[in-house]
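Chemist: Sequence plus the predicted model coming up.
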Amino acid sequence: MKKTKRPMELGVLSILREETNVFDVIAKYGVATTQLANWNMNLWTPEMAKKVKKDLKSSGVRLAALWTGYSGTVIWDLIDGPDTMGLIPAYTRKKRIADLKKGADFAAAVGAPAIITHCGFIPETPKSPLYMETLDALGEIASYCNDLGIGFWFETGQETPVTLLRTIQDINLPNLGINLDTANIILYGKGNPLDALDVFGPYVRNLHVKDGVYPTDGCKLGHEVAIGKGKVDFKRIIPKLHELGFKGELVIEREISGEQQAKDIMASLKFIGGLVDKLA
């Protein structure tokens with residue numbers, strides 16, 4: 001019997017490594033796509049771009065997007081996070097704009113359709129000077145990506161869904177999109193991914209498929225858990241994406257390491273794959 005093509009493609013997140021072919025690991029999970037993530041600015045080189053293209057070809061894996069970090073300290077909490085994350089802090093903004101442009105050059109060189117990043121705690125107040133400064137910075141990067149023929153996609157988390165929607169509308173460039181991290185909206189206490197689709201659903205280009213629980217301390221994030229153990233309602237999110245005409249990738253992300261990470265990824269692929277197959 002001919003296998004029915006899934007309406008959404010499953011993938012697994014990978015981390016750029018200097019010495020190994022990380023895409024061989026992705027292929028072993030039985031998927032054919034990945035987001036490639038990197039926080040080491042020294043790896044954005046022509047030599048590494050050649051290696052990535054060669055490794056992609058030999059492994060048979062397709063690049064869904066390039067996840068681009070930036071230099072400087074980032075503190076993952078609700079107290080110091082707003083002052084250290086993304087393009088919000090003025091003291092790191094100029095350098096991080098340059099970092100993200102360099103990442104965009106790398107993405108174009110390896111054939112990635114877009115870069116993704118955490119833009120930070122985008123201000124809720126649309127007339128504040130900080131919001132306007134952040135908008136200018138984001139617009140500069142988005143325009144640079146647009147000129148390269150690639151997308152600039154926001155990973156959800158630190159901002160409320162309506163603030164993210166307003167930011168995209170205010171920048172008003174055709175290459176903007178959203179990487180919906182299904183857990184992050186919960187971890188930061190900003191809402192839930194199912195309802196967020198009613199706000200910004202048409203802009204979602206691909207996902208980090210991840211689960212988590214809400215914060216129970218006003219200073220700390222909630223925490224990630226294995227898919228099916230947290231508050232993300234995948235049984236409703238997957239059909240909702242389908243209703244919205246979503247055709248992007250569902251990229252499994254499990255932020256632990258070792259054998260348990262591999263086990264959780266395989267279990268996640270089975271669970272999410274089963275939900276997607278019901279749509280076919």
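Modeler: Looks like it came in fine.

Chemist: How are the strands of this structure distributed by residue range?
Modeler: 9-12, 14-15, 33-38, 62-68, 114-117, 151-155, 176-181, 204-209, 211-212, 224-225, 249-252 (DSSP state E).

Chemist: Mind giving me the packing neighbours of the first one?
Modeler: Right, the one you point to is strand 9-12. strand 33-38, strand 249-252, helix 259-277 (3 or more C-beta pairs under 8 Å, 6 or more residues apart in numbering; DSSP states H and E). To be clear about C-beta, it is placed using only N, CA and C from the backbone, and glycine gets the same treatment.

Chemist: of all the strands of the chain, which lies closest to V25?
Modeler: strand 14-15 (7.0 Å; C-beta to C-beta).

Chemist: which residues touch T45?
Modeler: Residues near T45 by C-beta atoms under 8 Å, 6 or more residues apart in numbering: none.

Chemist: That one and D105, how far apart?
Modeler: 10 Å (C-beta to C-beta, to the nearest Å).

Chemist: cool, I256 as well?
Modeler: 32 Å.

Chemist: Quick check: which ranges of this protein have low pLDDT?
Modeler: 1-5 (pLDDT under 70).

Chemist: can you pull out the helices in it?
Modeler: For the chain, the helices defined by DSSP state H occupy 22-28, 46-59, 81-84, 90-110, 129-148, 161-171, 184-187, 193-200, 234-243, 259-277.

Chemist: In JSON lines, list those helices along with distance to I116.
Modeler: Shown next, in JSON lines, are the helices of the chain (distance: least, C-beta to C-beta, whole Å):
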{"stretch": "helix 22-28", "distance to I116": "17"}
{"stretch": "helix 46-59", "distance to I116": "16"}
{"stretch": "helix 81-84", "distance to I116": "18"}
{"stretch": "helix 90-110", "distance to I116": "9"}
{"stretch": "helix 129-148", "distance to I116": "11"}
{"stretch": "helix 161-171", "distance to I116": "13"}
{"stretch": "helix 184-187", "distance to I116": "12"}
{"stretch": "helix 193-200", "distance to I116": "15"}
{"stretch": "helix 234-243", "distance to I116": "17"}
{"stretch": "helix 259-277", "distance to I116": "19"}
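
Chemist: Of all those, which one is nearest P215?
Modeler: helix 184-187 (7.2 Å).

Chemist: about what we covered before: tell me the most buried of the helices and strands packed on strand 9-12?
Modeler: strand 249-252 (a mean of 26; mean count of other C-beta atoms under 10 Å).

Chemist: That one pairs with which strands, parallel or anti?
Modeler: If you go by DSSP bridges, strand 249-252 pairs up with strand 9-12 (parallel), strand 204-209 (parallel).
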